[in-house]
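A.B. asks: A predicted structure for the sequence below; I have some questions about it.
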Amino acid sequence: MENWVTVMPASKLAAGSISKNKLGDNSLLLIKSGEAIYALLNQCPHLGCAMHTGELSGYILKCPCHDWLFDIRNGQFITAPEIKIPTFATKVENGEILVNMGGEN
Ligand code: FES
């Protein structure tokens, strides 16, 4: 099911930066890497820490609590890929970033 939600202007998301956004009951991260924009739930699957203050290195985001490493392209925990941060599809229309909150990738 698709449910595209406008989150923020694309011009406000700099390459290599992490943006924390409130969407209903969810906290969502938007991360721009190159020309791609990734959307992930702002919650670590380990013990639930918020990820927005985590360290980003290329496609790898490190949880600030216990240093677990995740691939922002698919949300997978590097050590055990079956553990994932939920990720969502993104697109840019009319200068705005939209996220499909209708279902996880
Ligand atoms: S809460 Fe993220 S690694 Fe523990």
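C.D. replies: Looks like it arrived, so ask away.

A.B. asks: Toward the C-terminus, what is the element adjacent to the strand or helix carrying residue 20?
C.D. replies: Per DSSP states H and E, residue 20 falls inside strand 18-23. Reading on from strand 18-23 to the C-terminus, the next helix or strand found by DSSP H and E is strand 26-33.

A.B. asks: Can you report phi and psi for the residue lying farthest from the centre of the chain?
C.D. replies: Here the chain has its C-alpha centre computed as a mean, and the residue farthest from that point, by CA atoms, centre = their mean, is residue 94 with 21.0 Å. Backbone torsions for residue 94, taken as degrees, to the nearest 10, come to phi 50, psi 40.

A.B. asks: Pull the contacting residues for it.
C.D. replies: Not one residue lies near residue 94 by CB atoms under 8 Å, 6 or more residues apart in numbering. Every C-beta, even on glycine, is put in place using the N, C-alpha and C of the backbone.

A.B. asks: So it versus residue 34, what's the distance?
C.D. replies: As judged by CB to CB, to the nearest Å, residue 94 and residue 34 stand 21 Å apart.

A.B. asks: avg pLDDT for the helix or strand hosting residue 7?
C.D. replies: In the assignment (DSSP H and E), residue 7 maps to strand 4-9. On average, the pLDDT along strand 4-9 is 96.

A.B. asks: Next to the ligand, which bits of this protein? Give me the list.
C.D. replies: The chain has residues 44, 46, 47, 49, 63, 65, 66, 68 near the ligand, with proximity defined as CB under 6 Å from any ligand atom.

A.B. asks: What does the pLDDT read for the most centrally placed residue in the chain?
C.D. replies: The chain has residue 40 as the residue nearest its centroid, 2.5 Å off, counting by CA atoms, centre = their mean. According to the predicted model, the pLDDT of residue 40 comes to 97.
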